[in-house]
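J.: Quick one, structure for this:
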Amino acid sequence: LQQQESQNEVQLREIKGDIEEERARAELIQIQTMNSNAQSKMEGLAEAEKVTSFLKEMEKQFPSMDTNVSINMWQTLRKEDALRAVSSSKASLYFTPADVNLSIENHEHNSKGRE
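T.: Down below sits the predicted model:
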């Protein structure tokens, strides 16, 4: 009977240890999520500040320029940054004809009309 009680106590301690471990793991996940969210928020704010600064400077330097032109310029520059990041890695980049405004035309030249 004492041996059974000792085994039960050992199992109970193991269960309590597992519970504490899971609580610690849950707390770690919660902290990591909070940190990740805070980091994402800061990155978003930094990016928003870059956009705002760019648009203000464009308006200052080129007052007659339409805001949409400035926004398109910003987007083009961001695409350039993305392409630079992809080109410096081992990633492969694939373009569709629509991506590059590609058209295929047939320009046959009839030599009979030139004689």
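
J.: from here on, contacts and neighbour counts on C-alpha atoms
T.: Noted.

J.: What helices and strands are in contact with the helix or strand in which Ser6 is found?
T.: Per DSSP states H and E: Ser6 is located in helix 2-61. The helices and strands touching helix 2-61, judged by 3 or more C-alpha pairs under 8 Å, 6 or more residues apart in numbering; DSSP states H and E, are helix 67-87.

J.: for the helix it packs on, packing partners?
T.: helix 2-61.

J.: what is the orientation angle of the helix it packs on with helix 67-87?
T.: With axes from the mean of the first three to the mean of the last three C-alpha atoms, to 10 degrees defining the directions, helix 2-61 sits at 130 degrees from helix 67-87.

J.: Mind checking the pLDDT average for helix 2-61?
T.: Throughout helix 2-61, pLDDT has a mean value of 95.

J.: do the same with stretch 78-85
T.: On average, stretch 78-85 scores 88.

J.: ok, Ser64 - how many residues close by?
T.: A count of nearby residues for Ser64, using other C-alpha atoms under 10 Å, gives 9.

J.: should've said Glu20
T.: Applying other C-alpha under 10 Å, we find 12 other residues in the vicinity of Glu20.

J.: gap between it and Ile29?
T.: 14 Å (C-alpha to C-alpha, to the nearest Å).

J.: can you check Lys41 too?
T.: Distance from Lys41 to Ile29, by C-alpha to C-alpha: 18 Å.

J.: do Leu93 as well
T.: 35 Å.

J.: and these two? which has more neighbours close in?
T.: Using other C-alpha under 10 Å, the more surrounded residue of Leu93 and Ile29 is Ile29, with 12 against 8.

J.: what about Leu1, neighbour count?
T.: Close neighbours of Leu1, defined as other C-alpha under 10 Å, add up to 6.

J.: residue contacts, it?
T.: By C-alpha atoms under 8 Å, 6 or more residues apart in numbering, no residues touch Leu1.

J.: do the same with Glu59
T.: 65, 67.

J.: Distance of it relative to Asn72?
T.: For Glu59 relative to Asn72 (C-alpha to C-alpha), the value is 14 Å.
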